[in-house]
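# here's a sequence, model it:
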Amino acid sequence: MRSVSRLYATISSGKDLKGKGPLLTLEHSSTRSELRTFARGEFERNKFVHDLGHIRYLISTGKTQFDSMQRYIEQNAL
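Alright, predicted model coming up:
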């Protein structure tokens, strides 16, 4: 039986792989602030949208963008 703790995401230890230096993840303050600025801009840009279907669409596409950005960063870290 697998350990329950392995079912959850873990935080990067920050150790480098192959001597390339520290890994760049969404946990770094510069990456996190850039992500926060981008998300805030998207919310400001769409603050006058009141249609519930359109809001759901925006949230869905935002989540897709976030997931693809996270995969891109993790892929380039290796």
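
# find the least confident helix or strand in this structure, judged by mean pLDDT.
Least confident helix or strand of the chain, by mean pLDDT, DSSP states H and E, is helix 29-45 with a mean of 86.

# put the alpha carbons of that one into CSV.
The C-alpha coordinates for helix 29-45 follow below in CSV (Å, rounded to 0.1, in the frame of the first residue of the first chain):
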residue,chain,number,x,y,z
SER,A,29,9.8,34.6,-5.3
SER,A,30,10.6,36.2,-8.7
THR,A,31,8.5,33.6,-10.6
ARG,A,32,5.7,33.8,-8.0
SER,A,33,5.6,37.6,-8.2
GLU,A,34,5.6,37.5,-12.1
LEU,A,35,2.7,34.9,-12.0
ARG,A,36,0.8,37.1,-9.5
THR,A,37,1.3,40.2,-11.6
PHE,A,38,0.1,38.3,-14.7
ALA,A,39,-3.0,36.9,-12.9
ARG,A,40,-3.8,40.3,-11.4
GLY,A,41,-3.7,41.9,-14.9
GLU,A,42,-6.0,39.3,-16.2
PHE,A,43,-8.5,39.9,-13.4
GLU,A,44,-8.3,43.6,-14.0
ARG,A,45,-8.7,43.2,-17.7
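
# following element in sequence after that helix, please.
Per DSSP states H and E, the first helix or strand lying C-terminal to helix 29-45 is helix 52-77.

# mind listing what's buried in that following helix?
Within helix 52-77, the residues that qualify as buried are 58, 73, counting by 16 or more other C-beta atoms under 10 Å. C-beta here means a position set from N, CA and C on the backbone, and glycine is covered the same way.

# between that helix and helix 29-45, how big is the angle?
160 degrees (axes from the mean of the first three to the mean of the last three C-alpha atoms, to 10 degrees).
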